[in-house]
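Student: Sequence first, then the predicted structure, then my questions.
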Amino acid sequence: SKKLFYFFCVLIFFVYSVGAWYGLPQSFVGDELVFLASGFSLLAEKTVQANFQFFYLPPLMAYLVAPIYGLIGLIGLAGGWFASFEEYKNYVLLFRESFLVVNRLISALFGVVGVIFIYKWAKRMWGERAGWLSAFFLASNFLYLHEAQVGRFWLPATVLILIGLYSLWRNAEGGSRWWTIAT
């Protein structure tokens, strides 16, 4: 049963991430470029305070992608693909839509994490069958599937809220703060 669930998680990650390259090099999904620009703005301004004039959304996705964008730049510098940070900045300006893949893969990963948590929660409350049904219904829900394929903050925020609720429930259930997803 564990192997089957792992296979299910890999399968839904594939389903969620298959659209990561949708429409590139153009952007057809609203608000994705705002998170892309804000992530790079956090790096350029060397700040963790996302209060840019163009930014009208909660900055969760910007905080998630900024370190990865920085890591891509460092790997590019170390690998010789970019001669300087200025060259990396020019690459970003010319090919910014290609970085949407990072945002979309982060959403796909959060989508799988949400399915794992809902499975664990339902299984713990009502048994194995309820866990499978809950995981299947969440994974195949249209809105959840859609948000797991685009690089916006809605799905990571939803999953973090789900993890918080699960944590509160586990604390209320046993009183111990020492638990893991495996238990």
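Tutor: Thanks, I have it.
Student: by contact count, what packs against the lowest-mean-pLDDT helix or strand in the chain?
Tutor: Counting by mean pLDDT, DSSP states H and E, the chain has its least confident helix or strand at helix 32-45, which shows a mean of 77. Judged by 3 or more C-beta pairs under 8 Å, 6 or more residues apart in numbering; DSSP states H and E, helix 32-45 is in contact with helix 60-79, helix 100-126. For glycine as for every other residue, the C-beta is placed from the backbone atoms N, C-alpha and C.
Student: buried sites along it?
Tutor: E32, L33, V34, F35, L36, A37, S38, G39, F40, S41, L42, L43 (16 or more other C-beta atoms under 10 Å).
Student: with the residues you listed in mind, which one is nearest to I116?
Tutor: F35 (24.0 Å; C-beta to C-beta).
Student: Please tell me I have it right and that closest one contacts W154.
Tutor: No: in this structure F35 lies outside contact range of W154 using C-beta atoms under 8 Å: 11.0 Å.
Student: Quick check: which of the helices and strands packed on helix 32-45 is buried the most?
Tutor: helix 100-126 (a mean of 21; mean count of other C-beta atoms under 10 Å).
Student: Quick one: mean pLDDT for it?
Tutor: The average pLDDT within helix 100-126 is 93.
Student: so which of the buried residues of helix 32-45 would you say is closest to V150?
Tutor: Using C-beta to C-beta, these come closest to V150 at E32, 6.3 Å.
Student: From A66, how far out is that closest one?
Tutor: Distance, E32 to A66, by C-beta to C-beta, to the nearest Å: 15 Å.
Student: A157 too?
Tutor: The spacing between A157 and A66, counted by C-beta to C-beta, is 17 Å.
Student: what's the closest of the helices and strands packed on helix 32-45 to A139?
Tutor: When the helices and strands packed on helix 32-45 are compared (using C-beta to C-beta), the closest one is helix 100-126, at 4.9 Å.
Student: So which elements touch the closest one?
Tutor: Helix 100-126 packs on helix 2-17, helix 32-45, helix 60-79, helix 128-140, helix 142-149, helix 154-174, going by 3+ C-beta pairs under 8 Å, 6+ apart.
Student: weakest of these by average pLDDT?
Tutor: Of all the helices and strands packed on helix 100-126, helix 32-45 has the smallest average pLDDT, which comes to a mean of 77.
Student: which parts of stretch 136-145 are buried?
Tutor: Under 16+ other C-beta under 10 Å, the buried positions of stretch 136-145 are L138, A139, Y144, L145.
Student: Could you tell me how far that stretch lies from the centre of the chain?
Tutor: Chain-centre distance of stretch 136-145: 15 Å, with C-alpha atoms, centre = their mean, to the nearest Å.
Student: measure it end to end?
Tutor: End-to-end distance for stretch 136-145: 11 Å, by C-alpha to C-alpha, to the nearest Å.
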